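Q: Sequence and predicted structure, then a few things I'm wondering about:
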Amino acid sequence: MTVTYVIDGAEVTGLERFWQVIGEAVNGPGGYFGRNLDAFADCLSGGMGTPDDGDFVIEWRDHASSARALGHEETARHVRRLLGRAHPTNRPALQRNLDEALAGHGPTLFDQLVEIIEERTAPGTLRLR
């Protein structure tokens, strides 16, 4: 039986709120389903609340609202935080990512989250509504 997890895109006002919304969608109130992109990818691989057989759907309702909230401005804010803790060898690449986001170019956090879901789950798992 396919399990459906619903993300209410109108509730996603930024990346921190996305972590809360997806955590609660999968694991109930106060639930965890990643707090950074790598952890989110790991959670999608199983064992963190989704069925072991991988038979689930993520229905992202009002995804356009989330796309705006997780757009270039939020992406730049996120990359700035990463820059502050990054290893010196990673800083040039992060600075390029920041410059792109500030210019309104390149992938947004929304794009990255969609890509992670599509890479880590079966085709058709993500349903953007």
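A: Looks like it came in fine. Residues are numbered from 1 along each chain as shown.
Q: Quickly list the domain ranges of this structure.
A: In terms of domains, the chain is parsed into 1-63+109-129, 72-107 (source: automatic domain parsing).
Q: Adding mean neighbour count, write those out as CSV.
A: Every residue, glycine included, has its C-beta placed from N, CA and C. CSV is the format used below for the domains of the chain (neighbours: other CB atoms under 10 Å):
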stretch, mean neighbour count
domain 1-63+109-129, 16
domain 72-107, 14
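Q: Could you say which helix or strand holds the residue nearest to G54 when sequence neighbours are not counted?
A: Leaving aside its chain neighbours, G54 sits nearest to A122 (6.0 Å; criterion: CB to CB, 6 or more residues apart in numbering). Following DSSP states H and E, there is no helix or strand that holds A122.
Q: swap in I58?
A: I58 belongs to strand 56-61, assigned by DSSP H and E.
Q: List the neighbouring strands of that strand plus their orientation.
A: If you go by DSSP bridges, strand 56-61 pairs up with strand 3-8 (parallel), strand 126-128 (parallel).
Q: average pLDDT for that strand?
A: Averaging pLDDT along strand 56-61 yields 97.
Q: one step back: so can I have JSON lines of the strands paired with strand 56-61 showing distance to R80 and mean pLDDT?
A: Formatted as JSON lines, the strands paired with strand 56-61 follow (distance: least, CB to CB, whole Å; pLDDT from 0 to 100):
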{"stretch": "strand 3-8", "distance to R80": "25", "mean pLDDT": "97"}
{"stretch": "strand 126-128", "distance to R80": "28", "mean pLDDT": "98"}
